[in-house]
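# just need the structure, nothing else, for what follows:
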Amino acid sequence: MEDIVTQVFNGRDDVPATWYTGALVIPRGEVINYVHMGYGSTSERYTLLRVREGRVIERLDMGADDFTAYRRKRFAAFKATPAYAAMFADATSGEYPMEPADAEEFLYQYKAEDYLSRDLD
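Okay, here's the model as predicted:
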C-alpha cells in the first residue's frame, strides 16, 4: 500500500481543509456494542470536533453515555428547524415513503453529521 497524500497535495502534509464545514465524530477505546452495518456500533469514548471552514470551533471529549445524551439533545433542537421539517417531509412522502417513526429514527441515525455541526443553541 502507498500513501498518496503527498502526491495529491503536492508534497504538503499541512493542507488546511477550508472547504470543510461539519462535524467529525471520532470513536475511541473499545467497541462496547458492535453493530454489523453502518456506524451503529458504540465505543467507550468519543471525541467530537465541530469544524467551520477547516477550523475546529469546538472539541468535546465524552464517554459513551454522555455522547448519547449530547446527541439526543442536539437532535431534539434540530427537530425544531426548517431543515429537519424538509428532510422529514422528503422521508415520509414520495415513491418510497417511510412511516413517521421510521423517518425520525432514520434522520437521527444518518443525519448526525448535519445536526451535530449546526449552531442550534
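
# and the biggest helix by length in the chain, average pLDDT?
The single longest helix within the chain, with elements called by DSSP state H, is helix 64-78. For helix 64-78, mean pLDDT is 95.

# can you pull the buried residues of it?
Buried residues in helix 64-78, counted by 16 or more other Cβ atoms under 10 Å: 64, 67, 71, 74, 75, 78. Bear in mind the C-beta positions are built from the backbone N, C-alpha and C, glycine included.

# contacts only, for the closest residue to the last one other than its chain neighbours.
In this case it means residue 78. Distance criterion Cβ to Cβ, 6 or more residues apart in numbering; nearest residue to residue 78, sequence neighbours excluded, is residue 115 at 3.7 Å. Going by Cβ atoms under 8 Å, 6 or more residues apart in numbering, residue 115 touches 74, 75, 77, 78, 84.

# give me the contacts around the helix or strand harbouring residue 108.
Using DSSP states H and E, residue 108 maps to helix 100-110. Applying Cβ under 8 Å, 6+ apart, the external contacts of helix 100-110 come out as 38, 40, 75, 84, 87, 88, 91, 92, 98.

# what's the angle between it and helix 64-78?
120 degrees (axes from the mean of the first three to the mean of the last three Cα atoms, to 10 degrees).

# in helix 100-110, what's buried?
103, 104, 107, 108.

# so for it, what's the average pLDDT?
94.

# residue 52 against residue 24, yeah?
No: counting by Cβ atoms under 8 Å, residue 52 stays clear of residue 24, with 11.9 Å between them.

# now residue 6: which helix or strand?
Going by DSSP H and E, residue 6 is in helix 5-8.

# which is the next helix or strand following that helix?
Following helix 5-8 in sequence, per DSSP H and E, is strand 22-33.
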